[in-house]
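Peer 1: Structure for this input, please:
(chains A and B, ligands or ions: 4)
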Amino acid sequence: MTDIERLQYDVVVIGAGGAGLRAAIEARLQGKKTAIISKSLFGKAHTVMAEGGAAAAMGNANPNDNWQVHYRDTMRGGKFLNNWRMAELHAKEAPERIWELEAWGALFDRTKDGKISQRNFGGHEYPRLAHVGDRTGLELIRTCQQKIVALQQEDHKEFGDYDARLRVFAETTVTRLLKDEQGRICGAFGYIRETGKFVVFEAPAVVLATGGIGKSFKVTSNSWEYTGDGHALALLAGASLINMEFVQFHPTGMVWPPSVKGILVTESVRGDGGVLKNSDDKRFMFEYIPEVFKDKYATTEEEADGWYEDPDNNRRPPELLPRDEVARAINSEVKAGRGSPHGGVFLDIASRLKPEQIIKRLPSMHHQFKELADVDITAEPMEVGPTCHYVMGGVEVDPDTAAALVPGLFAAGEVSGGMHGSNRLGGNSLSDLLVFGRRAGLGASEYASATTVSVPESEIEAAMAEALEPYEREAGENPYTVHQELQQTMNDLVGIIRREDELEQAIEALGKLRERVQNVAVAPSAGASPKEGQGPAYHPGWHLALDLRNMMIVSECVARAALERQESRGGHTRDDYPKMSADWRKVNLVCRVRDGVVELKRQDMEPMREDLLSLFELDELQKYLTEGELPAEEKN
Amino acid sequence: MGYKAKFRVWRGDAGEGELKDYTVEVNEGEVVLDVIHRLQATEAQDLAVRWNCKAGKCGSCSAEINGRPRLMCMTRMSTFAEDETVTVTPMRTFPVIRDLVTDVSYNYEKAREVPSFDGGDVKPGEFRMQQVDVERSQEFRKCIECFLCNNTCHVIRDHEENKEHFSGPRFLMRVAELEMHPADVADRRQIAQDEFGLGYCNITKCCTEVCPEHIKITDNALIPMKERVVGRRYDPLVWLGSKIGIVKRDKETPKA
Ligand SMILES: Cc1cc2nc3c(=O)[nH]c(=O)nc-3n(C[C@H](O)[C@H](O)[C@H](O)COP(=O)(O)OP(=O)(O)OC[C@H]3O[C@@H](n4cnc5c(N)ncnc54)[C@H](O)[C@@H]3O)c2cc1C
Ligand code: SF4
Ligand code: SF4
Ligand code: FES
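Peer 2: Numbers count the residues shown, from 1 in each chain, chains lettered A, B, ... in the order given. Ligands and ions are numbered 1, 2, ... in the order given. Modelled structure (predicted):
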């Protein structure tokens, strides 16, 4: 036991995407000794894939924009299920967080007067997304990465050691959070991919910034990192998840060839003028404008096209409706037999912009289609269809400090829940990462200053035994087989359109899969012999076997919450309950794990603060809220 | 329309290894990484490979395919004949950890030595830059840090001894990026030459050829850097810089 490496930190951040890096920067700026742990190499977290931009009401492109407008758009996008305090903080603080990146060296695209350019995106009233071509996530992560290096250089000057106060543990996976006798977080347990060795981080404060869960679904835009680790770690440590039934299917993923099915086609294509067409060459989105958005979207092609040049006198094109609406519309068109040859619809930018403009504004898309599908998007339409993209649900946190319900645990970014309600607007994630990453870093630092902990030996032993199980098991099932079946089950039964009988079937199937997960086995690497007290070096089969536990727990939460919520809202569509219900709006579904079993309970939402409520017109509120929730003086 | 392809994959760890032969199914539209994944899911669970995005965006899956440095996720199987043997080996310039995974820490060490962005006294929110002026550095910031350029550069590819004094095209380009950043006020020209080994580069352009982001590393970063080091008066960029009012500090910035 003594040969397990133990490292002491004030704050341990699990995850090196936008949220994790921003949290770590903040903790280090607060003077805390900080560790960043990441499954992949430094600078390669999932955030690099974000394309379109980061939403912040800077008002550079349209001076009418401000935090109130952004707040309203966010609440509408989430169908009023958002944690309103988070949406408020997000809308208020996003501009500062973007400007700060610029002061750290980021180079966003510019407006004519030299400010940060902002682009249109679905659900945002004004052009609001700060961007760099279509590789904004890369810019965000590289900038934070380089800021971390800058801080390490300062420490090197002062202490002669780059890692003195801020150290990155790349290719290291946490498999358990550790708790002390008083039920507080006291650290994290993990393995180092390169060697298979275990490592214990002793720390009073842990920030989860592990991203999402998409790898539980077959068709997804998400990478292998997205196995819901943070969600599961939180549950197993006694924290709660909210809104897990809300999974965003992005309307435009690639559908062909099969090996790239699910890879994202950025929403910027539509923001920059791209239109969706069915096999009859019809712009079908005009048929799908829902009641609540009727007065905000154009009803004719002329008006829609006029909006790009003159947004004050034209309404927005319906291609830019929130993602859930567009994804459902595409689904319906394909079901009605009006799809493209490979089961999607057409996304046409070729007939809308000149080839040079397309290459300038959408370089990665141009590259991606050319290299992966032999399609030249400057000359022909793309084929696209829905893909599992983002989970709105996540760890229940205090909006101001990002603290979870377990003392010492904090969460930010995609792994946290509440901010986006039932549906996230494009661009609101990157800004969310920065706003709440920083807040989590602050919250954790403040908490860590007042707390000391020590790790009980028994916790380490249990975590180690668990991690070694699939490796020590003599014979068992191939983890890859079980994973594929899990993905198929979630895709078929808990996908974009849901039904009671299918969800029940899913829960039953997941129960069986769970038993199989407990019986997967991995053989030692060829030519290497197992070493006492450590796992195999760089062994993907073993990694997957351990990730499966997390994917199972998270899938169960999604399926159970989806079965419980008898309405359709945002990223949760029930065929058997197609309407949105004001009564259900008041309810959050909360998941916890007790004795290894997922439990679900209903929890009332806190009513929105008066001054925030007054930002909306009464007739809009009436579409979402119950009679009793409407502002007092305006009732009856 | 699937077929069986012949693959040879390097298997082994730091000590020793060998090329192993596999026959594996390939389907329409697949890339080399798909085939490697199929091997993992079927006969070689423990086959170590680094990847993340599978969309050419993260720069994790660098390897050498039939001897050419490439991203596995962006190399389509249709570029090979069906009866051709596809050989996949790890990047040669970096030490092997296991199978296709190499130890790329050299790159992170070099990154740490480059003095960071210095925006001077400008407050957040007050930066004003023109699109034409940011575009030079934006080209370099497209870099996904796949390290294929560093892997390819002959200065270190078979010359372990040069690694200490040479940051490789990736990080010489990082210096260029900062030097051309319209809001940066530091001066890294001297250390580029003295510490990061700009002088070793003899502009063969091999790095540019392998860059999956099609960045013109040699023409747009390295050659202009060399000109800047030689003297300001030959450098059109400095001319541009002074025209748009960028003042560089006189003092040279030391290595970080
Ligand atoms: C293709 C694509 C395009 C997108 N485009 C946009 C966009 O334009 N605008 C926008 O706002 N949003 C966009 N999004 C969404 C956004 O990119 C993500 O929601 C966001 O990047 C998540 O960031 P994060 O910091 O929460 O986590 P990530 O960036 O995913 O990072 C998670 C980190 O946690 C680590 N980790 C996970 N589990 C463990 C573990 N067990 N142990 C140790 N480390 C662990 C991972 O290694 C990684 O470093 C896009 C998403 C995708 C997939
Ligand atoms: S151009 Fe210079 S840096 Fe690039 S490969 Fe040749 S010698 Fe190396
Ligand atoms: S410059 Fe090109 S080849 Fe070099 S690391 Fe960056 S993306 Fe890779
Ligand atoms: S997996 Fe990201 S570049 Fe290949």
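
Peer 1: As a check, name the ranges of all strands in the stretch 201-350 of chain A.
Peer 2: A:205-208, A:241-242, A:247-254, A:275-277, A:345-348 (DSSP state E, counting those that start in this stretch).

Peer 1: Next one: the first one, is it in contact with ligand 1?
Peer 2: No - applying Cβ under 6 Å from any ligand atom, one finds strand A:205-208 separated from ligand 1 by no less than 8.5 Å. (Glycine included, C-beta is placed from N, CA and C.)

Peer 1: what's that strand packed up against?
Peer 2: When contacts are defined as 3 or more Cβ pairs under 8 Å, 6 or more residues apart in numbering or on different chains; DSSP states H and E, strand A:205-208 sits against strand A:11-14, helix A:18-29, strand A:185-192, helix A:229-236, strand A:409-411, helix A:428-449.

Peer 1: picking that back up, just say which of the strands of the stretch 201-350 of chain A is most tucked in.
Peer 2: Each of those was scored by mean neighbour count; the highest is strand A:205-208, a mean of 33, by mean count of other Cβ atoms under 10 Å in any protein chain shown.

Peer 1: Just give me how far that one sits from the chain centre.
Peer 2: Remark: strand A:205-208 is offset 17 Å from the chain centroid, using Cα atoms, centre = their mean, to the nearest Å.

Peer 1: how near is residue A:430 to residue A:55?
Peer 2: 7 Å (Cβ to Cβ, to the nearest Å).

Peer 1: Ok, residue A:307 next?
Peer 2: 19 Å.

Peer 1: Over to residue A:422?
Peer 2: Distance, residue A:422 to residue A:55, using Cβ to Cβ: 18 Å.

Peer 1: Give me the buried positions along stretch B:96-114.
Peer 2: Within stretch B:96-114, the residues scored as buried using 16 or more other Cβ atoms under 10 Å in any protein chain shown are B:96-102, B:104, B:106-108, B:110-114.

Peer 1: longest strand of chain A?
Peer 2: As assigned by DSSP state E, the longest strand anywhere in chain A is strand A:382-391.

Peer 1: got the angle for that one vs helix A:229-236?
Peer 2: Here strand A:382-391 runs at an angle of 30 degrees relative to helix A:229-236 (axes from the mean of the first three to the mean of the last three Cα atoms, to 10 degrees).

Peer 1: And the contacts of stretch B:36-46?
Peer 2: A:478-481, A:484, A:522-526, A:536, A:539-542, B:7, B:9, B:11, B:22, B:24-25, B:47, B:49, B:72, B:88, B:100 (Cβ atoms under 8 Å, 6 or more residues apart in numbering or on different chains).

Peer 1: quick one: residue A:187 from residue B:4, how far?
Peer 2: From residue A:187 to residue B:4 the distance is 49 Å (Cβ to Cβ).

Peer 1: Next, give phi and psi for the most centrally placed residue in chain A.
Peer 2: Nearest residue to the geometric centre of chain A (Cα atoms, centre = their mean): residue A:414, 3.4 Å. Note on residue A:414: backbone dihedrals following degrees, to the nearest 10 are phi -60, psi -30.

Peer 1: residues in contact with it?
Peer 2: For residue A:414, the contact set (Cβ under 8 Å, 6+ apart) comprises A:17, A:19, A:211, A:212, A:390, A:391, A:394, A:429, A:433.

Peer 1: For these, pick the one with the most neighbours.
Peer 2: Neighbour counts for the contacts of residue A:414, by other Cβ atoms under 10 Å in any protein chain shown, peak at residue A:19, which reaches 36 neighbours.

Peer 1: gap between it and ligand 4?
Peer 2: 20 Å (Cβ to the nearest ligand atom, to the nearest Å).

Peer 1: Can you name the element that comes right after the longest helix belonging to chain B?
Peer 2: Longest helix in chain B by number of residues, with DSSP state H as the criterion: helix B:168-180. Next in sequence after helix B:168-180, counting helices and strands by DSSP states H and E, comes helix B:189-194.

Peer 1: Give me the buried positions along that next one.
Peer 2: Neighbour counts over helix B:189-194 (16+ other Cβ under 10 Å) mark B:189, B:191, B:192, B:193 as buried.

Peer 1: Check which element follows that helix along the chain.
Peer 2: Immediately after helix B:189-194, counting by DSSP H and E, sits helix B:206-210.

Peer 1: residue ranges with poor pLDDT in the chain?
Peer 2: The chain I'm using is chain A. Confidence mapping of chain A against pLDDT under 70 gives the ranges A:1-2, A:633-636.

Peer 1: hm, I was asking about chain B
Peer 2: Using pLDDT under 70, chain B drops low at B:1, B:232-252.

Peer 1: I'd assumed residue B:225 was in a helix, is it?
Peer 2: Yes - applying DSSP: H, G, I helix; E, B strand; the rest coil, one finds residue B:225 inside a helix.

Peer 1: Burial check on the closest residue to it other than its chain neighbours, number of neighbours?
Peer 2: Once flanking residues are discounted, residue B:225 sits nearest to residue B:176: 4.8 Å by Cβ to Cβ, 6 or more residues apart in numbering or on different chains. Using other Cβ under 10 Å, residue B:176 has 28 other residues around it.

Peer 1: can you check the one 10 residues further on too?
Peer 2: For residue B:186, the count of nearby residues is 20 (other Cβ under 10 Å).

Peer 1: Around ligand 3, which positions in the stretch 51-200 of chain B sit nearby?
Peer 2: Counting by Cβ under 6 Å from any ligand atom, the stretch 51-200 of chain B sits next to ligand 3 at B:59, B:143, B:144, B:145, B:146, B:147, B:148, B:149, B:170, B:173.

Peer 1: Who are the contact partners of residue A:179?
Peer 2: Counting by Cβ under 8 Å, 6+ apart, residue A:179 touches A:185, A:186, A:237, A:238, A:406, A:459.

Peer 1: cool, and residue A:344?
Peer 2: So residue A:344 contacts A:255, A:256, A:330, A:334, A:383, A:384, A:385 (Cβ under 8 Å, 6+ apart).
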